[in-house]
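Participant: I'll drop the sequence and a predicted model, then ask my questions.
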Amino acid sequence: MPSLDLEITDDDIRALESIDGLTFDSERSKILKSLGTIDVQACPGSGKTTLIAAKLILLSQKWPYRHRGICVLSHTNVAKHEIINKLEASNVLEARNLLSYPHFIGTIQEFVNRYLGIPYLRSCGISVNLIDKEHCVELIYSRLSHVTRTYIDQKSQHGNPLFDFNLKMNGESIEMDVPTFPNGSNSDSYKNLKKTRMKLISEGYFFFHDFYIFAEKILARHLSLPTIIQERFPLAFMDEMQDTQKFQDELLQKIFPLDSVTTAVQRFGDPDQAIFTGINGEESNESYNNKPRSGMSFVIDKSHRFDATICQKVKGLSFNGVELDTDLSEEILEKRKECHANNEGFKHTIFIYRDETIGRVIPEFAKLVATQFNDKTKAAAPFSVKAVGAVGNEIDPQGQHLKIGHYWQSFDKSKSQKNFRENCFIEAVYFIRRKSEGDWSESYKCINDCILRLLRLAGIKGEDGKNLTSTSLKVLLIANKDWHRYRRVLFWLMNHGNPLTDGKWQKVCTVLTRMLGIESPSAQVTVYLEYKQNLEQEQTDGAAIPNSPTFEGIKIELSTIHGVKGETHDATLVLETKNYNHDIYAMLSYITGERPNTTYTNASLKSDPTNVRDAAKMPNQKFMRQFYVAMSRPRHLLCLAVHNDRITADQITLLQANEKGWNITHIQDSADDQESRS
């Protein structure tokens, strides 16, 4: 076990609780004091990020090394910023020391880029211009010959094949997967594709995944590199471990082996929430996500998010069999009752619909929310109410699927927050203004990224001939004494109180283009800056708004389950969907408690052959994890929607039992529906 010249004591923890107003139970205190290699499973709403930040703050007060640091890796920028924000907000002044050398806090991608990929490219005499898969695909396409472009267009019925234009390791060599040519070719299109990608690489344009290949290459070339990195970072934290992909985990274990005597590796996450397996064809990690509860060093099973009634409804879906419980005090629970319209407990409801009434599910959910919450809570910002489902892509009229769009026909998955990509600048402005959970830093970044895209469309580059980045744009604007004016324009755009009329939009665009030096806008720039009216501004009850219909004065945001992972809502409706199987139907016996969840490790299957028979009865792991995520989002009100053909009378009885305590509502036809059929 690595030896660190420091110790965290109970007194240190009590002092931090006093300084920053925190509270840690005995299990969390043990995690704070542990300085060896550990794996932690943290249930939904357990305060995992707060725990990691608290541990970093404690370490910052005692860190004895000037040139050795702590490495903190996250899967997303959102998680990284959460940790950084908590360090910046701490009353412990030393916490800010962790934001600079010799420490590193960033995403896995940023770490791989900085310490492996970029050093490799420098050794090859190549400088980085841009790391962005989507933009690189656009560049590749723009530089292809007319014949090759026509060929790619013909192959794009099921998505742009250029997104599969990957690099790969073959032995010690880097090779290229040329899309649509798995075995190579002597054709002109093959040669044109390969030449174009090679040319862009030489100019410094890369896919994100390229840097993992460069990392593999430099590790193979310099066998001592992991030892050097471990010497630099004697302690490494890995957050959101359940979302780490297999190739990322395998690379990280080459750099920070779990059995290292130099570096302690502390991994945090929740295998029960590992729902990104198979996304973009990538496998999930095995070293963490395949660990049973008994294999974890610590398990945090108490949640700060919801009370015991929601815990009872959710815990049957924990694939690792975590005994989920609430960590809310009696005082807080009493305070939460004040959010209810009648100072009572919330009526967690299962809506049972028929084919004819599926369109009434979301309006009925809105009606329930309107009557369950008091006016003060509904008026508070942000008041978050969401309806989520597993399958959200476009409806095939000939298919036998069940998707979010069947409940709300105007649902558009491409407009959801996690998948958002603007077609024009004003679309991004409308998007960040309508987000229910306002994060100014994320909104600012979204608008700033649009400005960078605008500059690329206008062909404006920095003095070094490279595309401008956030940093180089800031330097340019400061030099031109426009930085503060630029920020004022961006914050004006982000402010919901500033109406975006055609006239005001044109004035804003004029100010921006002058400030950015866009003198003669091209056709692409003109289209990107085009004014479009926000359809949501004139919304009436039930208006055809893609992802945010309003009923009973309640705005319901629609999203996929993947889109809301990591979020907390006031009320959540989980919609039954179907790709190959009806998902809630497959999970009902676990929600009712008819089938208790049991996990089996490979070892247990080998030691007791009878377990093989029982393991074959295990639930669809994908469904179970998806619904564990979906049903653990709300603070107050949890609802489900299921078809009456896929729930039995006996199951309804079980769901209504005191332990489960579900309210059952059979959705009836509206008066209009009844009249139209009479």
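Facilitator: Nice, I can see it.
Participant: check contacts around Phe411.
Facilitator: 392, 403-405, 546-547, 558 (CB atoms under 8 Å, 6 or more residues apart in numbering). Bear in mind the C-beta positions are built from the backbone N, C-alpha and C, glycine included.
Participant: of those residues, which belong to helices?
Facilitator: The helices, defined by DSSP state H, take in 404-405 from the contacts of Phe411.
Participant: point out the least confident one among the contacts of Phe411.
Facilitator: Lowest pLDDT within those is found at Pro546 (62).
Participant: how many neighbours does Asn85 have?
Facilitator: 14 (other CB atoms under 10 Å).
Participant: show me what the helix or strand hosting it is packed up against.
Facilitator: Element membership of Asn85 [criterion: DSSP states H and E] is helix 77-89. If you count contacts as 3 or more CB pairs under 8 Å, 6 or more residues apart in numbering; DSSP states H and E, helix 77-89 packs onto helix 48-60, strand 70-74, strand 104-107, helix 440-458.
Participant: how about TSV for the ones you listed, with distance to Ala366, mean neighbour count and mean pLDDT added?
Facilitator: Shown next, in TSV, are the helices and strands packed on helix 77-89 (distance: least, CB to CB, whole Å; neighbours: other CB atoms under 10 Å; pLDDT from 0 to 100):
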stretch	distance to Ala366	mean neighbour count	mean pLDDT
helix 48-60	31	22	96
strand 70-74	35	26	96
strand 104-107	37	20	95
helix 440-458	26	17	83
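Participant: quick one: closest of those to Leu98.
Facilitator: Proximity to Leu98 (CB to CB) singles out helix 48-60 among the helices and strands packed on helix 77-89, at 5.2 Å.
Participant: packing partners for that closest one?
Facilitator: Helix 48-60 is packed against helix 10-20, helix 26-33, strand 38-42, strand 70-74, helix 77-89, strand 235-238, strand 264-269, with contacts defined by 3+ CB pairs under 8 Å, 6+ apart.
Participant: was I right about Ala387 contacting Val369?
Facilitator: No - the pair Ala387 and Val369 does not pass the contact test of CB atoms under 8 Å, sitting 10.3 Å apart.
Participant: list the contacts of stretch 97-107.
Facilitator: 56, 59-60, 63, 65-77, 80, 83-84, 87-88, 111, 114, 232-233.
Participant: before we move on, what about stretch 651-667?
Facilitator: Against stretch 651-667 from outside (CB under 8 Å, 6+ apart): 309, 312-313, 347-354, 357, 360-361, 364, 368, 588-589, 591-594, 644.
Participant: ok, the spatially most central residue of the chain to Lys376 distance?
Facilitator: Central residue check for the chain by CA atoms, centre = their mean: the C-alpha nearest the mean position is that of Lys565, 5.8 Å away. Distance, Lys565 to Lys376, by CB to CB, to the nearest Å: 29 Å.
Participant: give me the pLDDT for Arg434.
Facilitator: pLDDT for Arg434: 67.
Participant: scratch that, Arg66
Facilitator: Here the pLDDT value assigned to Arg66 is 92.
Participant: confirm it sits in a strand?
Facilitator: No - assessed with DSSP: H, G, I helix; E, B strand; the rest coil, Arg66 is coil; it does not lie in a strand.
Participant: and it, what does it touch?
Facilitator: Pro102 are the contacts of Arg66 under CB under 8 Å, 6+ apart.
Participant: same thing but at 6 Å, please
Facilitator: By CB atoms under 6 Å, 6 or more residues apart in numbering, no residues touch Arg66.
Participant: and the closest residue to Leu162 other than its chain neighbours, how many neighbours does it have?
Facilitator: Using CB to CB, 6 or more residues apart in numbering and skipping residues adjacent in sequence, the residue nearest Leu162 is Val137, 4.6 Å away. Neighbours of Val137 under the rule other CB under 10 Å: 17.
Participant: one more: His666?
Facilitator: 12.
Participant: could you say what helices and strands the biggest strand by length in the chain packs with?
Facilitator: Counting by DSSP state E, the longest strand found in the chain is strand 634-643. Packing partners of strand 634-643 (3 or more CB pairs under 6 Å, 6 or more residues apart in numbering; DSSP states H and E): strand 349-353, helix 361-372, strand 569-575.
Participant: and these, which is most packed in?
Facilitator: Most buried of the helices and strands packed on strand 634-643, by mean neighbour count (mean count of other CB atoms under 10 Å): strand 569-575, with a mean of 26.
Participant: residues contacting that strand, please?
Facilitator: Among residues not part of strand 569-575, those counted as contacts by CB under 6 Å, 6+ apart are 365, 369, 383-389, 407, 630-631, 633-641.
Participant: do that again at 7 Å, thanks
Facilitator: For strand 569-575, the external contacting residues (CB atoms under 7 Å, 6 or more residues apart in numbering) are 365, 369, 383-389, 404, 407, 627, 630-631, 633-641.
Participant: ok, and for the host helix or strand of Gln230, which residues are buried?
Facilitator: Element membership of Gln230 [criterion: DSSP H and E] is helix 225-232. Across helix 225-232, burial judged by 16 or more other CB atoms under 10 Å covers 225-226, 229-230, 232.
Participant: closest to Pro179 out of the helices and strands packed on helix 77-89?
Facilitator: Closest approach to Pro179 among the helices and strands packed on helix 77-89 is made by helix 440-458 (23.2 Å; CB to CB).
Participant: which other residues reach the closest one?
Facilitator: By CB under 7 Å, 6+ apart, the list of residues contacting helix 440-458 reads 81, 422, 425, 428-429, 432, 467-468, 470, 473, 490, 493-494, 516, 518, 521-522, 524-525, 528.
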